[in-house]
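# Just the structure for this:
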Amino acid sequence: MSKGLTVLAVDDEAPALDELAYLLEKHADIGAVLRAGDATSALRELNQRHIDAIFLDINMPGLSGIELAGVLANFSHRPAIVFVTAHDDKAVAAFDVGALDYLLKPIRQDRLDEAIRRVSASTSADSDDTDDDVIPAELGGVTHLVPRDTIGWVEAEGDYARLHSTSGSHLVRIPLSTLESRWRDKGFQRIHRSYLVALRLVTGLRTHDGGVLVRLRANGASPPVELPVSRRQARELRDRVVRDPMRNLKPDD
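Numbers count the residues shown, from 1 in each chain. Model prediction:
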């Protein structure tokens, strides 16, 4: 009996599907590779057996890859989703439907290896604690994937959000409220209408001119920073900082 991950490759173009399946079959962590040429065939496979991950083309006739991912949200067991596409303008939509990764054709071996590593982590027993969520950020026509666990704080800029990470600053077309709801249980806290912070970087709280400021330690390319805390969020932030099992620091007054 084969061991390893069971994955489903989906692409409406036969040569592309053959290439994707070939690359997946070569990987040591993949036990079985199933194939589907459209969303209907993919759903048939998904309803018949346990599948750990689906490597999915976006632009397909009939139900698109994005629409199929939306259908999978209703599954009791939802496979990890990795989009594989020649188009780099759907990265934000991929994030919105909870994709684990986003690969551009032609597929690079190192990026495929990274995607499979993320799938393996997400299907492990402690998958609820994994920090493998990534944000697709566009810069100069290139899509960069910014891991959540490299982000120290996020700043709202209208309908956009600016990620301050170890690799620098990245502007993404995702509302701060979306990131707040998705990351609250992953160690992030909304401190202000304009700011979301990683609790692991909080070194203290202090009062200033009747308000409260939170201090964050340096995070790679981001220097130490102090950010305002709204009165409504101050108590919850203090409580979470003290309770956070990842930290031994206590806020100061």
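
# which residue ranges form the strands in the stretch 1-150 of the chain?
Taking DSSP state E, counting those that start in this stretch, the strands of the stretch 1-150 of the chain run over residues 5-10, 30-36, 53-56, 80-85, 101-104, 134-139, 142-147.

# Point out where the chain drops to low pLDDT.
Across the chain, the ranges flagged by pLDDT under 70 are 1-2, 91-92, 124-132, 139-143, 243-253.

# which residue lies farthest from the center of it?
residue 209 (37.6 Å; C-alpha atoms, centre = their mean).

# Let's test this: what are the backbone torsions at it?
Residue 209 adopts backbone torsions of phi 50, psi 40, taken as degrees, to the nearest 10.

# any idea which of the strands of the stretch 1-150 of the chain is most buried?
strand 53-56 (a mean of 27; mean count of other C-beta atoms under 10 Å). For the C-beta atoms, the positions are set from N, CA and C on the backbone; glycine is no exception.

# To what extent is residue 193 buried, counted in neighbours?
12 (other C-beta atoms under 10 Å).

# what residues are up against it?
In this structure, residue 193 makes contact with 156, 230, judged by C-beta atoms under 8 Å, 6 or more residues apart in numbering.

# how about a cut-off of 10 Å?
156, 176-177, 228, 230, 232-233 (C-beta atoms under 10 Å, 6 or more residues apart in numbering).

# Quick one: buried ones out of the residues you listed?
156, 176, 233 (16 or more other C-beta atoms under 10 Å).

# hey, what's residue 208 bridged with?
Assessed by DSSP bridges, residue 208 has beta-bridge partners residue 211.

# Relative to residue 183, how far out is it?
Distance, residue 208 to residue 183, using C-beta to C-beta, to the nearest Å: 27 Å.

# Tell me which of those two has more neighbours.
For residue 208 versus residue 183, neighbours defined as other C-beta under 10 Å are more numerous around residue 183 (18 against 9).

# ok, back up a step: tell me which entries of the buried ones among the contacts of residue 193 lie within strands.
The strands, defined by DSSP state E, take in residue 156 from the buried ones among the contacts of residue 193.

# In the stretch 101-250 of the chain, mark out all the helices, start to finish.
For the stretch 101-250 of the chain, the helices defined by DSSP state H, counting those that start in this stretch cover 109-122, 176-183, 231-243.

# can you list contacts of the second one?
Contacts of helix 176-183 with the rest of the structure, by C-beta under 10 Å, 6+ apart, involve 95-96, 98, 133, 135, 148, 151, 154-163, 172, 174-175, 188-190, 192-196, 198.

# okay, that helix in PDB with CA atoms only?
Extracted C-alpha coordinates of helix 176-183, given in PDB (Å, rounded to 0.1, in the frame of the first residue of the first chain):
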ATOM      1  CA  LEU A 176      -7.800  44.800   7.800                       C
ATOM      2  CA  SER A 177     -11.100  43.400   9.100                       C
ATOM      3  CA  THR A 178     -10.600  40.300   7.000                       C
ATOM      4  CA  LEU A 179      -7.100  39.700   8.400                       C
ATOM      5  CA  GLU A 180      -8.400  40.300  11.900                       C
ATOM      6  CA  SER A 181     -11.100  37.600  11.700                       C
ATOM      7  CA  ARG A 182      -8.800  35.100  10.100                       C
ATOM      8  CA  TRP A 183      -5.800  35.700  12.400                       C
END
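
# so it versus strand 134-139, what angle?
Orientation note: helix 176-183 sits at an angle of 150 degrees relative to strand 134-139 (axes from the mean of the first three to the mean of the last three C-alpha atoms, to 10 degrees).

# Pull the distance from helix 176-183 to the chain's centre.
12 Å (C-alpha atoms, centre = their mean, to the nearest Å).
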